[in-house]
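**Q** no sequence on this one, just coordinates:
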């Protein structure tokens, strides 16, 4: 899909978004664009709300400006509006049916209406906060969230009597190394630091050398307070590399829990000490109940895509199952990433589950295996399904790269201070 997109002979981009003017570039050497049928489609939060055809005639190796005949709809607060311009075959050929899509580009519309601020309203069902020496429980209508006070972990999320969680948010900077990170083809072009003898010249040498896969956390403080009818749980910890001689991250998670069960998680990560040149990812890892097998997201798809190979996958609303997101590569590795997401849901067969969303696009993947299993397995028959769904919520993810030059700098996750705020809320989908 990315190869098809990268080589497509017709490209569309904004010339003047406010005036709905687009520039159409025809890279064909001999064919006019009027040999194809041009279409446009307007989407609101991934759902088509208008469409039509466009008369486009651009000579070979030329560019022209056209106006998209799109009427501005009644805008919704916080909605994302995208227009897709595509080119299709007018007649059937030996290699493609009539209407086959040859080229497409997706344009972000210049319509921004900020999401409505939630107004504080008197709650007839206020939060209930109970605690003892071992745990803290925050309860409301149909939900109970439980924290372990010894390590600060959110370890239980019950909604409508159903347990959703096996392990709550943990700082996550590790992934099972990709194939390109487990060989030495890129070593002449990539700076690998630190480096330890015995791990070869692979990119992952730097990560194994400092024990990125064996991080240990120490709780610094755990505090709860009530503010404006919300419960605010603040967890501070130090996360150290397994072999890092004191290097690691200051890690702070602030959970703001509202009476309707929504959690606003503000996550601050500050690196300290000697860091590797790059990290595989940075974000959080969760493990959900193994019944949470249904996935729906608003982002790039439907196939897997990574920061350095994502333009061939349009932003839309997609549904699948956890097992269908897993790619059984010959060499087991992290896989199935989806990038540039606005929201993602995991639900069980009854439609009960959880939704993540954020104002800043994020990446995620999930699979029915543990990260440890994927990291150690040499062949697919070494993979053993776990009793939970591993869910990685990434603020940044390093790309895949290639065997010639590795991952280009702008697609690497560089160790640096970061703060990311996300929304997490339980839900039930009516099926």
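**A** Sure, I can see it. All values derive from a computational prediction rather than experimental measurement.
**Q** Does the residue nearest to residue 213 when sequence neighbours are not counted fall in a helix, a strand, or a coil region?
**A** Excluding the flanking residues, the one nearest residue 213 by C-beta to C-beta, 6 or more residues apart in numbering is residue 174, at 5.2 Å. Just so you know, the C-beta spots here come from the backbone N, C-alpha and C atoms, and that holds for glycine as well. Secondary structure assignment for residue 174 (DSSP: H, G, I helix; E, B strand; the rest coil): coil.
**Q** Isn't residue 174 up against residue 282?
**A** No. Under the criterion of C-beta atoms under 8 Å, residue 174 is not in contact with residue 282, lying 9.9 Å apart.
**Q** who's the spatially most central residue of the chain bridged to?
**A** Of all residues in the chain, the one closest to the mean position by C-alpha atoms, centre = their mean is residue 363, 1.4 Å from it. Beta bridges link residue 363 to residue 394, judged by DSSP bridges.
**Q** Okay, now stretch 19-39: how far is its last residue from its first?
**A** Its first and final residues considered, stretch 19-39 spans 19 Å by C-alpha to C-alpha, to the nearest Å.
**Q** which residues are contacting that stretch?
**A** By C-beta atoms under 8 Å, 6 or more residues apart in numbering, the surrounding residues in contact with stretch 19-39 are 9-15, 51-70, 85-90, 99, 102-103, 107.
**Q** Apart from its neighbours in sequence, what residue is nearest residue 330?
**A** Counting by C-beta to C-beta, 6+ apart, residue 330 lies nearest to residue 380, which is 7.3 Å off, once chain neighbours are set aside.
**Q** could you list every residue that touches that neighbour?
**A** The contact partners of residue 380, by C-beta under 8 Å, 6+ apart, come to 328, 329, 330, 332.
**Q** and of the residues you listed, the nearest to residue 311?
**A** Closest to residue 311 out of those is residue 329 (21.9 Å), distances taken as C-beta to C-beta.
**Q** Grab the nearest non-local neighbour of the closest one.
**A** Nearest non-adjacent residue to residue 329, counting by C-beta to C-beta, 6+ apart: residue 335, 6.2 Å away.
**Q** go on, residue 240?
**A** Nearest to residue 240 is residue 248, by C-beta to C-beta, 6+ apart, at 3.8 Å.
**Q** for residue 373, helix, strand, or coil?
**A** Secondary structure, three-state DSSP: residue 373 is helix.
**Q** That one reaches residue 383, doesn't it?
**A** Yes. Using C-beta under 8 Å, residue 373 is in contact with residue 383, at 6.1 Å.
**Q** Next, show the common contact partners of these two.
**A** Counting by C-beta under 8 Å, 6+ apart, the shared contacts of residue 373 and residue 383 are residue 332.
**Q** Can you get me a residue count around residue 212?
**A** By the measure other C-beta atoms under 10 Å, the count of residues near residue 212 is 21.
**Q** all helices of this protein, in order?
**A** For the chain, applying DSSP state H gives helices covering 2-6, 205-210, 322-325, 371-376.
**Q** Show me which positions of the third one end up buried.
**A** What that stands for is helix 322-325. For helix 322-325, a neighbour-count test (16 or more other C-beta atoms under 10 Å) marks 322, 325 as buried.
**Q** Just the mean pLDDT for that helix, thanks.
**A** For helix 322-325, the per-residue pLDDT values average out at 98.
**Q** Kind regards, and thank you for your time.
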